[in-house]
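Engineer: I'd like to go over a predicted model; first the sequence, then the structure.
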Amino acid sequence: YDNWALSEIFKIQNNKEKASHYLNKALEYKTYWNKDFKDLSKNDVDRMQARGLYQGTIWQYRWFVPYDFKGLIELDGGEENYLKNLDQFFERDLYNHANEPDLQAPLMYNVTKVGYKSQDWMHQLAADTVIQNYFNDNSRGIGSFIGKIYQNKSQAYVRTMDDDAGAMSAWYVFTASGFSPPCVGWPVYYLNVPLFKSVTYKVKANKTFKVEVENFSLKNKYIKEVFLNGKKFNKNYITQDEINAGGVLKIVASATPTLVSDTENWISSLEK
């Protein structure tokens, strides 16, 4: 990730040589991913800090390729196998919200045909009762947490979870507002149903960006359709430029998933 970020910085500076150098270094993740993260049959893949990993498991770190979702799907054997593994990750409660390595994983259904599953998981983790099995001071299954991760009280996080320079509270604020960055540093945000009927951001001295929900209810966690400034918005993401331009993003919510074939999906890629 750091190498990808550096390549983007040098690209902005028009330093093509260094941008290319760090992009090539970022692509080296494929070698390590195939070696350590592809095979999920080994007995240490759900063990905290296995193989020297810091505060995480093989299962949790395998998804940390936010800058190349396209390449990750290919490494994982295509979309069908990728979805099978992502489903297993969440259904078996292998996800860990006590630390950052897999924070983007709930958003990763958005790159597939079943993006509504991201809307479901973002809502669950932000507002519903969940099971958390991993903490910094134990192994899986010892003293599991069952409850809401975010609560309106002090000491609201799960055990051993702290804010880590604002990462955890920022995750909640983004999710509650209805748009979240799958790759920090890439000016793109996936959409989900907000936890509030309306949210307004001041983006410039004389401009605001408002997200409002039609059919608002905490039971209506799926996106039926989206409008930006009154016009139908056929994308599952919004860009920083669109937010900065100001206006109103209306999300029509539903209690059931909606499969829309003409929705434009965003997917990160390191293809040159």
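Structural biologist: Everything's here; your move.

Engineer: Now do the same contact list for the spatially closest residue to Glu242 that is not a sequence neighbour.
Structural biologist: Sequence neighbours aside, Leu228 is the residue nearest to Glu242 in space, at 7.0 Å (criterion: Cβ to Cβ, 6 or more residues apart in numbering). C-beta: built from backbone N, CA, C; applies to glycine. Shown in contact with Leu228 (Cβ atoms under 8 Å, 6 or more residues apart in numbering): 238, 242, 247-250.

Engineer: how close does Leu228 sit to Thr208?
Structural biologist: 14 Å (Cβ to Cβ, to the nearest Å).

Engineer: Then Asn110?
Structural biologist: Separation of Asn110 from Thr208 (Cβ to Cβ): 26 Å.

Engineer: Tell me which of those two has more neighbours.
Structural biologist: Per other Cβ atoms under 10 Å, whichever of Asn110 and Thr208 has more neighbours is Asn110, with 25 against 12.

Engineer: So the more buried one lies in a helix, does it not?
Structural biologist: Yes: counting by DSSP: H, G, I helix; E, B strand; the rest coil, Asn110 is part of a helix.

Engineer: right, and it touches Asn265 too?
Structural biologist: Yes: contact criterion Cβ atoms under 8 Å: Asn110 and Asn265 qualify, at 6.5 Å.

Engineer: Can you show me the strands along the stretch 1-150 of the chain?
Structural biologist: Using DSSP state E, counting those that start in this stretch, the strands assigned to the stretch 1-150 of the chain run over residues 129-132, 145-148.

Engineer: what would the ones you listed look like in TSV with mean pLDDT?
Structural biologist: Formatted as TSV, these follow (pLDDT from 0 to 100):
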stretch	mean pLDDT
strand 129-132	88
strand 145-148	88
